[in-house]
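build me a structure from this.
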Amino acid sequence: MATEAISPVLGRVLACFAAPIPVPAGSQEFHQAMAMRAAQLVRQCLSDEARKRMKQECIAHLRASLLNNEPHFGGSNVSS
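All right, here's what the predicted structure looks like:
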């Protein structure tokens, strides 16, 4: 049995749920926050098309957070 990193595998699985859409570049935390925001907005969407778009955005941000290669330091990038 071959071993493979989990992030690329999850990225491929999430790609099956919705068509990929472009998202702005950002940190892992940014994409996780945007995915949560989009997931919360799905319930507020009135049309099927708007709901579909929010679901796509949520999944796109989840994928971006998994595939993000930026280093994670847990702090602000602003220097004093």
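
which residues of the protein score low on pLDDT?
For the chain, the stretches with pLDDT under 70 are 1-12, 14-15, 17-19, 68-80.

Arg51: how many residues sit nearby?
Applying other CB atoms under 10 Å, we find 15 residues neighbouring Arg51. (Glycine included, C-beta is placed from N, CA and C.)

what sits against it?
Val42, Cys45 (CB atoms under 8 Å, 6 or more residues apart in numbering).

look up how far Ser27 lies from it.
27 Å (CB to CB, to the nearest Å).

mind listing the helices for the protein?
Applying DSSP state H to the chain gives helices spanning 6-15, 28-42, 48-67.

from what I see, Ser65 and Gln28 are in contact.
Yes: at 4.9 Å, Ser65 counts as touching Gln28 under the criterion of CB atoms under 8 Å.

quick one, which of those two is more surrounded?
Remark: of Ser65 and Gln28, Ser65 carries more neighbours, 21 against 16, as counted by other CB under 10 Å.

which residues touch the more buried one?
Here Ser65 is in contact with Gln28, His31, Gln32, Ala35 (CB under 8 Å, 6+ apart).

one more time with 10 Å, if that's ok
Counting by CB atoms under 10 Å, 6 or more residues apart in numbering, Ser65 makes contact with 7, 11, 23, 26-35.

buried ones only from these, please, as a ChimeraX command.
Buried residues within those, by 16 or more other CB atoms under 10 Å, are selected in ChimeraX with:
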select :11,23,26,27,28,30,31,32,34,35
